[in-house]
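Colleague: Here is my input, please return the structure:
(one chain, ligands or ions: 1)
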Amino acid sequence: MDLSLTADPPSAPTAAREGVWLACIECGEASPPFDAIRYTCDDCGGLLEVRYAEPVGFDAFAGEGVWRYADALPLDSGVTIQEGGTPLYRVPELTDDVGVETLRIKHEGMNPTGSFKDRGMTVGVAVARELGVERLACASTGNTSAALSAYGSRAGMETLVLLPAGKVAAGKVAQASLHGARILEVDGNFDACLDLVQELAARGEAYLLNSLNPFRLEGQKTIGLEILERFRADHGTVPDRIVLPVGNAGNTAALYKAFRELVQAGDLAVDDVPKLTGVQAAGAAPMVEAIEAGADAVRRWDDVETRATAIRIGNPVNAPKALPGIRETGGTAVAVSDAAITDAQRALAGAGIGVEPASAASLAGLRKLREDGVVGSEEDVVCLTTGHLLKDPDAAAAAGTEPEPVPDDLDGVLSHLDDRT
Ligand code: F0G
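Modeller: Predicted coordinates for the structure are as follows:
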């Protein structure tokens with residue numbers, strides 16, 4: 001199926017319901033959106049995407065948050081906790097430091113549960129309700145589980161989350177726990193958890209809400225729509241490049257889809273589409289490997305390691321959607337060290353923006369691409385920061401300053417301050 005930016009808008013097949021259907025990105029097979037539970041193509045097993053007979057442009061958007069974009073989504077409303085509408089921060093000092101024309105930080109950590117996953121869940125959990133399922137499930141490096149637990153409990157549904165034992169940041173486990181999910185700690189990495197939960201879903205034990213689920217990515221499209229609307233209002237143009245951390249490559253796929261639909265609606269010129277630029281941790285970089293090799297598919301990495309546990313992923317399931325996104329937009333992918341990620345996390349914190357390690361990968365990647373001359377000084381860039389600092393308090397404390405013990409008296413405090421200055 002043609003995932004290029006110049007593909008014609010699709011015409012509605014008989015499977016369409018009110019102009020919406022699911023299409024296989026490999027063989028093109030179309031199916032109705034809500035008649036049955038399906039995550040991949042019944043015929044060939046390819047990834048599915050939601051299609052619209054009439055992709056909409058900027059004029060169709062009204063209201064706030066994710067549901068401002070309802071006309072670009074498969075439902076009119078969702079299970080909401082007021083997700084979306086996140087800030088696009090200006091960072092003048094970082095802009096100078098990196099050496100680009102414009103740098104803005106789209107901070108997805110400002111969502112209700114502290115990550116962009118909320119945008120996907122407000123749609124995905126509403127679809128689950130539409131389908132009449134009782135139990136929701138996901139594999140997760142943490143944020144998906146936190147979001148699913150919150151949205152699942154809001155919808156009154158049971159939630160099951162499979163986490164890689166010992167590899168999920170404390171804040172995320174705490175969220176899943178308090179929102180009432182059943183937390184299964186798997187003796188394996190994230191990719192093993194995803195294999196398992198897919199098997200559970202195939203047996204009908206639960207409705208899968210990982211980013212394989214095409215409805216979730218519809219919600220995540222709104223990140224791209226918000227960036228473009230805000231940037232156009234502030235700068236009269238769209239950014240040249242969007243840099244984002246990559247794990248399963250769901251966001252990369254979702255942003256690309258947002259831009260393709262705007263192109264189809266006639267509201268974005270092909271040449272203006274921002275270059276999608278993915279960043280991975282060096283210890284978990286199969287997408288970077290595929291982009292550098294010009295490969296059509298990604299090789300699964302069995303051993304992955306990084307301090308940025310959110311993107312400790314060796315088998316990016318959305319690669320078939322994301323690789324065309326990076327290539328068609330003229331973007332690239334780059335790997336960064338854990339040390340560079342921590343440096344970027346400190347730099348963002350120094351601008352008042354608190355993010356978890358995976359989020360800082362975007363800035364670390366931009367810095368590297370500037371140093372390598374891949375990104376030019378004239379570029380307008382947006383870096384996506386995907387999760388809040390408090391998600392991973394241990395990483396923040398390790399990257400930050402040490403508490404200083406002082407006695408409980410003023411003279412003692414003053415002399416301590418004198419000693420240290
Ligand atoms: N940043 C953060 C903070 C994440 O939690 C994730 C993914 C990503 C980036 C990568 O996004 O998969 O769309 O490329 N976290 C998933 C989870 C895997 O389970 O929370 P992607």
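
Colleague: Tell me how many other residues crowd L196.
Modeller: If you count neighbours by other CB atoms under 10 Å, L196 ends up with 16. All C-beta spots, glycine's among them, are computed from the backbone N, C-alpha and C.

Colleague: Mind telling me what element it is part of?
Modeller: In this assignment (DSSP states H and E), L196 forms part of helix 190-202.

Colleague: Just name whatever secondary elements that helix is in contact with.
Modeller: In terms of contacts (3 or more CB pairs under 8 Å, 6 or more residues apart in numbering; DSSP states H and E), helix 190-202 is packed against strand 135-139, strand 158-164, strand 182-186, strand 207-208.

Colleague: out of those, nearest to E305?
Modeller: Among the helices and strands packed on helix 190-202, strand 158-164 comes nearest to E305, with 11.7 Å by CB to CB.

Colleague: do you know how far the closest residue to S362 other than its chain neighbours is from M110?
Modeller: Ranked by CB to CB, 6 or more residues apart in numbering and with sequence neighbours excluded, the top spatial neighbour of S362 is C383, at 4.1 Å. As judged by CB to CB, to the nearest Å, C383 and M110 stand 14 Å apart.

Colleague: which of the two has more neighbours?
Modeller: More neighbours surround C383 than the other of C383 and M110, with 34 against 18 (other CB under 10 Å).

Colleague: Make sure the more buried one is indeed in a strand.
Modeller: Yes - judged by DSSP: H, G, I helix; E, B strand; the rest coil, C383 forms part of a strand.

Colleague: and the stretch 251-400 of the chain, which residues reach the ligand?
Modeller: N251, A310, I311, E356, A358, S359, T386, G387 (CB under 6 Å from any ligand atom).

Colleague: Keep only those of those that are in helices.
Modeller: N251, A358, S359 (DSSP state H).

Colleague: And the residues you listed, which is closest to K167?
Modeller: Using CB to CB, those come closest to K167 at A358, 12.5 Å.

Colleague: Need the pLDDT of the closest one.
Modeller: pLDDT recorded at A358 is 98.

Colleague: Test my guess that it contacts L389.
Modeller: No - using CB atoms under 8 Å, A358 makes no contact with L389, being 11.6 Å away.

Colleague: of these two, who's got more company?
Modeller: A side-by-side neighbour count of A358 and L389, using other CB under 10 Å, places A358 first with 34 against 24.

Colleague: how many neighbours does the closest residue in space to the more buried one that isn't next to it in sequence have?
Modeller: Spatially, and ignoring its direct neighbours in sequence, A358 is nearest to A310 (3.6 Å; CB to CB, 6+ apart). When neighbours are counted by other CB under 10 Å, A310 registers 28.

Colleague: who are the neighbours in contact with A310?
Modeller: 141-143, 169, 245, 247, 356-359, 386-387, 391 (CB atoms under 8 Å, 6 or more residues apart in numbering).

Colleague: try E289
Modeller: A295, V298, R299.

Colleague: is it true that the second one touches L323?
Modeller: Yes - V298 lies in contact with L323 (CB under 8 Å); the separation is 7.5 Å.

Colleague: what is in contact with those two at once?
Modeller: M287, A290.

Colleague: Tell me which of these two has more neighbours.
Modeller: Between V298 and L323, L323 has the larger neighbour count (other CB under 10 Å), namely 26 against 23.

Colleague: residue contacts, that one?
Modeller: Counting by CB under 8 Å, 6+ apart, L323 has contacts M287, A290, I291, D296, V298.

Colleague: Throw together a PyMOL command that grabs the buried residues out of those.
Modeller: Buried residues within those, by 16 or more other CB atoms under 10 Å, are selected in PyMOL with:
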select buried, resi 287+290+291+298
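
Colleague: Turn the contacts of L323 into a markdown table, columns for secondary structure and distance to A364.
Modeller: Below are the contacts of L323 laid out as a markdown table (DSSP: H, G, I helix; E, B strand; the rest coil; distance: CB to CB, whole Å):
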| residue | secondary structure | distance to A364 |
| --- | --- | --- |
| M287 | helix | 16 |
| A290 | helix | 20 |
| I291 | helix | 17 |
| D296 | coil | 28 |
| V298 | coil | 21 |
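
Colleague: Taking the contacts of L323, tell me the two that lie furthest apart.
Modeller: M287 and D296 (12.7 Å).

Colleague: picking that back up, pick the most buried one from the helices and strands packed on helix 190-202.
Modeller: Comparing those by mean neighbour count (mean count of other CB atoms under 10 Å), strand 135-139 ranks first with a mean of 27.

Colleague: related to what we said a few turns ago, so which of the contacts of E289 is the closest to Q264?
Modeller: Proximity of the contacts of E289 to Q264 (CB to CB) peaks at V298, which lies at 26.8 Å.

Colleague: thinking again about what came up before, and the contacts of L323, which is the shakiest by pLDDT?
Modeller: Within the contacts of L323, lowest confidence goes to D296 (92).

Colleague: G365 versus the closest residue to it other than its chain neighbours, what's the distance?
Modeller: Leaving out its chain neighbours, the residue that sits closest to D296 by CB to CB, 6+ apart is L323, at 7.3 Å. Distance, L323 to G365, by CB to CB: 17 Å.

Colleague: again with I242
Modeller: Relative to G365, and taking CB to CB, I242 is found at 11 Å.

Colleague: next one: phi and psi at E49?
Modeller: phi -140, psi 150 (degrees, to the nearest 10).

Colleague: how about the strands in this protein?
Modeller: Assigned by DSSP state E, the strands in the chain fall at 20-24, 30-31, 48-52, 88-90, 102-107, 135-139, 158-164, 182-186, 207-208, 241-245, 275-281, 332-336, 380-385.
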